[in-house]
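Novice: Sequence first, then the predicted structure:
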Amino acid sequence: AQSVSQHNHHVILSEAASLELGCNYSYGGTVNLFWYVQYPGQHLQLLLKYFSGDPLVKGIKGFEAEFIKSKFSFNLRKPSVQWSDTAEYFCAVTPDTGRRALTFGSGTRLQVQP
Amino acid sequence: GAVVSQHPSRVICKSGTSVKIECRSLDFQATTMFWYRQFPKQSLMLMATSNEGSKATYEQGVEKDKFLINHASLTLSTLTVTSAHPEDSSFYICSARPGTENIQYFGAGTRLSVL
């Protein structure tokens, strides 16, 4: 079975600071990788995904993530955060085959101070 | 596009009663729907996977007789919490996946409070 580890539980940044959230997964086969964001009081929204091809993927709202296969990592980055980026961020993985159920990391709470 | 509607958003019930939660894909057909449970300040834990027209697959430790899942059509899945007790109080979230892509779209969740 797969597992996902997010190392940062709570991150506090000032506006315009750069962001990097760590995500590592454990699975022996091919995976699809996702970052979801949950704004306060709202539903989970897909930020970006990686299925195959270019390991650097760009998502919505200026976010990007890089898949490093050798490190089993899929870190999320943003060069300059805004107050509106305050939210909970979840890394998730599914196997590339089978019923493809999502396994989520524990989440990272990002607080951006104006 | 890819909107998932979940209803109700909040429900308060007495211990021993049953509660039904609906999950609808509004603009796509969902061959697979998922039900998750989220505890405060924790991640989402998969409860079960349902495919249209077949029995749901439950994760280990999830009581299938307590959490009844029905996926009768390609746009609707329901979760019924039977004989609810205070320990069932939680945030329940559904997601739906189109048959054409491996992306799950999430509902807004249902906060269940059992008194």
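Specialist: Nice, I can see it.

Novice: wait, what's in contact with the residue positioned nearest the centre of chain B?
Specialist: Chain B has residue B:35 as the residue nearest its centroid, 3.7 Å off, counting by CA atoms, centre = their mean. By CB atoms under 8 Å, 6 or more residues apart in numbering or on different chains, the contact set of residue B:35 is B:23, B:46, B:47, B:48, B:50, B:67, B:69, B:77, B:79, B:92, B:93, B:94. Where you see a C-beta, it was placed from the backbone N, CA and C, and this is true even at glycine.

Novice: what helix or strand is the second one on?
Specialist: If you go by DSSP states H and E, residue B:46 is part of strand B:44-51.

Novice: Quick one: residues in contact with that strand.
Specialist: A:44, A:90, A:99, A:101-104, B:31-39, B:56-59, B:62, B:64, B:67, B:69-71, B:77, B:79, B:92-93.

Novice: from the chain's centre, how far out does that strand sit?
Specialist: Computed by CA atoms, centre = their mean, to the nearest Å, the separation of strand B:44-51 from the middle of its chain amounts to 7 Å.

Novice: C-terminal to it, what's the next element?
Specialist: Next element after strand B:44-51 (DSSP H and E): strand B:57-58.

Novice: Quickly run through the sheet partners of that next one, with directions.
Specialist: Partners of strand B:57-58 in the sheet, by DSSP bridges, are strand B:44-51 (antiparallel).

Novice: Can you give me the buried ones in the strand it pairs with?
Specialist: The neighbour-count criterion (16 or more other CB atoms under 10 Å in any protein chain shown) identifies B:44, B:45, B:46, B:47, B:48, B:49, B:50, B:51 as the buried residues of strand B:44-51.

Novice: okay, that strand in CSV with CA atoms only?
Specialist: Output in CSV follows, covering the C-alpha atoms of strand B:44-51 (Å, rounded to 0.1, in the frame of the first residue of the first chain):
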residue,chain,number,x,y,z
LEU,B,44,-8.8,12.7,4.8
MET,B,45,-9.2,9.0,5.4
LEU,B,46,-10.8,6.9,2.7
MET,B,47,-13.8,5.0,3.9
ALA,B,48,-15.0,3.3,0.7
THR,B,49,-15.0,3.3,-3.0
SER,B,50,-18.2,2.8,-5.0
ASN,B,51,-18.7,2.0,-8.6
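
Novice: Quick check: pLDDT value at the residue of chain B most remote from its centre.
Specialist: In chain B, residue B:100 marks the outermost C-alpha relative to the chain mean, sitting 21.2 Å out by CA atoms, centre = their mean. For residue B:100, the pLDDT comes out at 78.

Novice: Got the phi and psi for it?
Specialist: Per-residue torsions, residue B:100: phi -90, psi -10 (degrees, to the nearest 10).

Novice: any chance you could map the strands in chain A?
Specialist: A:3-5, A:10-14, A:19-21, A:24-26, A:31-38, A:44-50, A:56-58, A:64-68, A:73-78, A:87-95, A:103-104, A:108-113 (DSSP state E).

Novice: All set, thanks.
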